[in-house]
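[1] quick one: sequence and predicted model below, then my questions.
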Amino acid sequence: MTTQQLVEFAWGLANSRKPFLWTIRPDLVKGDTTILPSEFAQETKQRVWSANGYIECWFSCTQWGVGLEIDSNVKRGEVEKLVGELMSGEKGKEMRKYAMEWKRKAEEATGPRGSSLLNWEKLVKDVRLQPSKP
């Protein structure tokens with residue numbers, strides 16, 4: 001992606017007026033560091049979460065069904081239109097369905113007898129059973 005493509009993408013997100021999570025890799029811009037205009041940060045500071053890396057993007061898009069990877073050769077109007085489709089269209093409905101399912105699973109895992117608590121209790125028990133070193 002070029003610096004200009006990054007700026008176009010950023011302003012497409014900003015112009016959508018929707019909250020968003022944007023996964024940005026450090027090597028996203030060819031031959032340059034990934035820096036967004038300060039005006040973009042000011043415009044979106046109340047509605048942006050950003051993450052960094054291949055892993056987050058891969059899981060969000062391919063495994064969890066709650067993210068979308070977009071080709072770097074885009075214009076801000078295309079991004080704005082796509083965000084509108086995701087927020088109001090069929091793809092957005094599908095992604096919200098997946099997000100609610102992940103929310104349910106997380107609540108179940110962290111609940112009173114969920115797998116997170118059971119694993120924690122097992123870890124504590126295993127640590128306590130370890131003989132102390134002299």
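    In hand now; what should we look at?

[2] the residue most central in space within the chain bridge partners, please.
    The chain has Leu21 as the residue nearest its centroid, 4.8 Å off, counting by Cα atoms, centre = their mean. As for beta bridges, Leu21 partners with Trp49 under DSSP bridges.

[3] distance of it relative to Thr44?
    Distance, Leu21 to Thr44, by Cβ to Cβ, to the nearest Å: 12 Å. To be clear about C-beta, it is placed using only N, CA and C from the backbone, and glycine gets the same treatment.

[4] against Gly114, how distant is Glu56?
    24 Å.

[5] what's around Thr3, how many residues?
    16 (other Cβ atoms under 10 Å).

[6] packing partners of the lengthiest helix in the chain?
    Among the segments of the chain that qualify as a helix by DSSP state H, the longest is helix 90-109. Contacts defined by 3 or more Cβ pairs under 8 Å, 6 or more residues apart in numbering; DSSP states H and E place helix 90-109 against helix 76-88.

[7] quick one on the thing from earlier: quick one, the longest helix of the chain and helix 76-88 angle?
    For helix 90-109 against helix 76-88, the angle by axes from the mean of the first three to the mean of the last three Cα atoms, to 10 degrees is 50 degrees.

[8] show me the shaky parts of the protein.
    Counting by pLDDT under 70, the ranges of the chain that qualify are 32-34, 49-50, 52-54, 72, 134.

[9] same thing but at 80, please
    1, 23-36, 45, 47-57, 68-74, 130-134 (pLDDT under 80).

[10] gap between Gly12 and Leu6?
    Here Gly12 is placed at a distance of 11 Å from Leu6 (Cβ to Cβ).

[11] sorry, that was for Glu69
    15 Å.

[12] next: Gln42.
    Per Cβ to Cβ, Gln42 is found 17 Å from Leu6.

[13] same check on Lys93?
    As judged by Cβ to Cβ, Lys93 and Leu6 stand 29 Å apart.

[14] between these two, which one's more packed in?
    Neighbours were counted for Lys93 and for Leu6 using other Cβ under 10 Å; Leu6 has more, 22 against 11.

[15] with adjacent residues omitted, what lies nearest to the more buried one?
    Excluding the flanking residues, the one nearest Leu6 by Cβ to Cβ, 6 or more residues apart in numbering is Val29, at 5.6 Å.
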